[in-house]
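A.B. asks: here is my input, please return the structure:
(one chain, ligands or ions: 1)
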Amino acid sequence: MPRKLKRVPEKDLVMSDIDSVSFYDKEGLLGFLRPVYLMGADIITAIFPKKGVCLDIGCGSGRYTIEYTTRIPLLKVVAFDLSPRMIRLAKKNLRESSLIKPNLNKQINFEVGNMLNLERFRSQSFDAIVCSYTLHHSIDKDEVIYVLDQIKRILKPEGALYIYDLIRPDTIEALKLIEEKFLRDYPSIFRIDTVNSLRASFSAKELIEIVRQSSLNNLEHFISSRGVIILKLYERNRSKYEESKSLKEFISYSKSIKARYISGLKMFKEAGLDLHKLSARQ
Ligand SMILES: C[S@@+](CC[C@H](N)C(=O)[O-])C[C@H]1O[C@@H](n2cnc3c(N)ncnc32)[C@H](O)[C@@H]1O
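C.D. replies: Now for the predicted structure:
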């Protein structure tokens, strides 16, 4: 009989361990996280306005921020993370990327900040907001609701939003399977961090329920074995977005990348986490 996997918040909510930070950063440049970043940057490009100010909540070492900002040259980004170590690395990554794309330096500002202190931003001051792999660092659903309510307040009514996160597997067996088959080739530090993150994540159902309880509305959500995307697009982009169908890549993307993802997909299927899409307007 499969055993239900309960949510266990991360022990270290902030990523500050030197090995975890540097491995996470490396994976964002060349490894495991890279395809997720490319996919997300495609979607962000389709749903965001071409110019304005964006807030990136929990930007980590900034690899993702740099990836999507490069594609939207008139976007300015305020990107923050609670971990000073992550922000130091993000600034270094920005300096290096700016050698090739000097405009980036003017576009992005990395700073230390706490997503539980979003009151510091004025109402309706952002044209776009990104929150990627950060919500699962919350202690409980009340913290997530706080963040979502604040997002609603600081985002302009016509603004765009992109939330991405992991989904907690349903059972202990599914988590074990993921660890054994999907994460087998990774150093133990990344394996442990990823398992802890999966355990700390909300189930897709929980997260969508949390969004419903918040003051955010007009959101769409999409679920696949890769995670959950919750978004609000810049309405003037709707036709471009529908034509480009870039979000559909979220479902099919895994097929076009490295073999380990394909075996990962099979494994997810065995674990009863088959691909499915639940798109709903609230
Ligand atoms: C898994 S990383 C995600 C980084 C990046 N957004 C990405 O998509 O790769 C999550 C980040 O959230 C940060 N974090 C955790 N709690 C936070 C908080 N309360 N405020 C801001 N950042 C936080 C962690 O330090 C970590 O760098």
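A.B. asks: so which residues of the stretch 151-282 of the chain form helices?
C.D. replies: Ranges of helices within the stretch 151-282 of the chain are 172-177, 188-200, 204-213, 238-244, 248-252, 259-270, based on DSSP state H, counting those that start in this stretch.
A.B. asks: Pro21 touches Ile87, doesn't it?
C.D. replies: Heads up, residue 21 is Val, not Pro. No: counting by CB atoms under 8 Å, Val21 sits too far from Ile87 to count as a contact (10.4 Å). The way it works is simple: take the backbone N, C-alpha and C, and place the C-beta from them, glycine included.
A.B. asks: please name the nearest non-neighbouring residue to the residue in the chain that the ligand sits nearest to.
C.D. replies: For the chain and the ligand, the shortest gap (CB to the nearest ligand atom) falls at Gly60, measuring 2.7 Å. Leaving aside its chain neighbours, Gly60 sits nearest to Met86 (5.1 Å; criterion: CB to CB, 6 or more residues apart in numbering).
A.B. asks: look up how far Leu5 lies from that neighbour.
C.D. replies: Distance, Met86 to Leu5, using CB to CB, to the nearest Å: 27 Å.
A.B. asks: for Asp56, same thing?
C.D. replies: From Asp56 over to Leu5 the distance is 30 Å, taken as CB to CB.
A.B. asks: and what of Asp127?
C.D. replies: 38 Å.
A.B. asks: same check on Leu29?
C.D. replies: 31 Å.
A.B. asks: okay, the two: which has more neighbours?
C.D. replies: Leu5 (19 against 14; other CB atoms under 10 Å).
A.B. asks: buried ones in the one helix or strand Thr69 maps to?
C.D. replies: Element membership for Thr69 (DSSP states H and E) is helix 63-71. Within helix 63-71, the residues scored as buried using 16 or more other CB atoms under 10 Å are 63-70.
A.B. asks: ok, stretch 197-211 next?
C.D. replies: Neighbour-count burial for stretch 197-211 flags 197-204, 207-208, 210-211 (criterion: 16+ other CB under 10 Å).
A.B. asks: can you list those residues in CSV and add pLDDT and distance to the ligand?
C.D. replies: Below are these laid out as CSV (pLDDT from 0 to 100; distance: CB to the nearest ligand atom, whole Å):
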residue, pLDDT, distance to the ligand
Ser197, 93, 7
Leu198, 94, 12
Arg199, 95, 14
Ala200, 96, 10
Ser201, 95, 10
Phe202, 95, 14
Ser203, 90, 18
Ala204, 84, 18
Leu207, 90, 15
Ile208, 87, 20
Ile210, 94, 16
Val211, 92, 18
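A.B. asks: of all those residues, which two lie farthest apart?
C.D. replies: Spanning the widest gap among these are Arg199 and Val211, at 20.9 Å by CB to CB.
A.B. asks: which bits of the stretch 101-250 of the chain sit near the ligand?
C.D. replies: Contact residues, the stretch 101-250 of the chain versus the ligand (CB under 6 Å from any ligand atom): 114-116, 132-134, 137.
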